[in-house]
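Novice: Predicted coordinates and the sequence they were generated for:
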Amino acid sequence: MIQLKSPEQLQSMRRAGLVVGETLQTLRAAVAPGVTTEELDDLARQCIEDAGATPSFLGYHGYPKTICASVNEEIVHGIPRPDKRLADGDIISIDCGAILDGWHGDSAITVAVGEIDPVLKELLSITEESMWAVFAQARLGMRMRDLGAIVERVATPAGFGIVDHYGGHGIGTEMHQDPHVLNHGRGSRGPKLVEGMALAIEPMLTVGDPETLELPDGWTVITADRSYAAHFEHTFTMTADGPWVLTALDGGAAKLAEYGVTVATSENLARP
Ligand code: MF3
Ligand code: CO
């Protein structure tokens, strides 16, 4: 069942989204050679708790940590560890979720550690753009699969693999809700995008093949060919006045301006 949110409930989701956005901003600044993924996890937990929120991943189906920290060939769900130390040239995807007043925010970034290979810079940039293209090009009435097609149209010409066993999702009073949002667009299918929906859009792209393997820890998903992978995610909602990116500190304003799109601010959302 798809949970539709009232404007007031979206304001609550915005507050949860800001906790996640601020936490990720802190983590991005903390990423450096020599830092362990466990240290990043401790920092995330502290940021979330200082904001009066609760980490949503901790204990989710037994998940043991606050963030997912996936390095290099790890795509998603890497578990932070005290012996996992970042090195110059690595890329790290940090996925973070928090609950505030019962509402969830979910967002992920992939960050360069020191100086990275130009191909990896391109991977990070295309993965992030494939996500922003969804927010810029989404229209009310589009089907979920049309959103996936937007990701595909950015990722495929760049030659990157699209991981398609995992994808985006509805989000609200639970982290994972209907509908599922695939990162490819075969067929114009799926529920329509309507006002009041909140969706996490999360493209995962690889330098090589998109096939995945799960490590024996039961969580970490890696590329079968060990090629490096990137993952970006934001929680957003679509209004008659445009998109609103709930986990972006500026609601998505700066990035969407590059696409000539104006975000729906909290003010115009509340308009009758
Ligand atoms: N945040 C992830 C997602 O984007 C899920 C994290 S799984 C967890 O859907 F177990 F770590 F919580
Ligand atoms: Co998610």
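Specialist: Right, received. Where do you want to start? Ligands and ions are numbered 1, 2, ... in the order given.
Novice: Touching, residue 3 and residue 176? I think so.
Specialist: No: at 11.4 Å, residue 3 and residue 176 do not qualify as touching, with contact defined as Cβ atoms under 8 Å. Every C-beta, even on glycine, is put in place using the N, C-alpha and C of the backbone.
Novice: Find residues that contact each of the two.
Specialist: A shared contact of residue 3 and residue 176, defined by Cβ atoms under 8 Å, 6 or more residues apart in numbering, is any residue touching both; here these are residue 170.
Novice: Spatially, which residue comes closest to residue 14, not counting chain neighbours?
Specialist: If the residues on either side of it in the chain are set aside, residue 14 comes closest to residue 246, at 5.1 Å by Cβ to Cβ, 6 or more residues apart in numbering.
Novice: what do you get for residue 244?
Specialist: Leaving aside its chain neighbours, residue 244 sits nearest to residue 264 (4.5 Å; criterion: Cβ to Cβ, 6+ apart).
Novice: Check the one you found and give its pLDDT.
Specialist: In the prediction, the pLDDT value recorded for residue 264 is 89.
Novice: Can you mark which positions in the one helix or strand residue 11 maps to are buried?
Specialist: When elements are assigned from DSSP states H and E, residue 11 belongs to helix 7-30. Within helix 7-30, the residues that count as buried by 16 or more other Cβ atoms under 10 Å are 9-10, 12-24, 27.
Novice: which one of those is nearest residue 66?
Specialist: Distance ranking of the buried residues of helix 7-30 against residue 66, using Cβ to Cβ, places residue 23 first at 8.9 Å.
Novice: List the contacts of the closest one.
Specialist: Contact analysis of residue 23 by Cβ under 8 Å, 6+ apart lists 44, 47-48, 51, 96, 98.
Novice: Report the separation between the nearest residue to it once chain neighbours are set aside and residue 198.
Specialist: Once its chain neighbours are removed from consideration, residue 23 has its nearest residue in residue 47; the separation is 4.1 Å (Cβ to Cβ, 6+ apart). Taking Cβ to Cβ, to the nearest Å as the measure, residue 47 falls 22 Å from residue 198.
Novice: who has more neighbours, these two?
Specialist: Between residue 47 and residue 198, residue 198 has the larger neighbour count (other Cβ atoms under 10 Å), namely 28 against 22.
Novice: give the contact list for that one.
Specialist: For residue 198, the contacting residues are 5, 10, 13, 170-172, 235-237, 246, by Cβ under 8 Å, 6+ apart.
Novice: Quick check: residues of the chain near ligand 2?
Specialist: Within reach of ligand 2 by Cβ under 5 Å from the ion, the chain has these residues: 106, 200.
Novice: Return the residues of the chain in contact with ligand 1.
Specialist: Near ligand 1, the residues belonging to the chain are 57, 60-61, 63, 68, 77, 95, 97, 106, 200, 202, 233 when assessed by Cβ under 6 Å from any ligand atom.
Novice: circling back: so can I have a markdown table of the contacts of residue 23 showing secondary structure and pLDDT?
Specialist: As requested, the contacts of residue 23 are arranged in a markdown table below (DSSP: H, G, I helix; E, B strand; the rest coil; pLDDT from 0 to 100):
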| residue | secondary structure | pLDDT |
| --- | --- | --- |
| 44 | helix | 99 |
| 47 | helix | 98 |
| 48 | helix | 98 |
| 51 | coil | 98 |
| 96 | strand | 99 |
| 98 | strand | 98 |
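Novice: which one of these has the most neighbours?
Specialist: Using other Cβ under 10 Å as the neighbour definition, the contacts of residue 23 reach their maximum at residue 98, which records 32 neighbours.
Novice: ok so, going back, can you name the residues that contact the residue nearest to residue 14?
Specialist: Taking Cβ under 8 Å, 6+ apart as the criterion, residue 246 is in contact with 10, 13-14, 16-17, 105, 198, 234-237.
Novice: what pLDDT does it get?
Specialist: According to the per-residue confidence, residue 246 scores 98 in pLDDT.
Novice: Over to it: give its phi and psi.
Specialist: phi -70, psi -20 (degrees, to the nearest 10).
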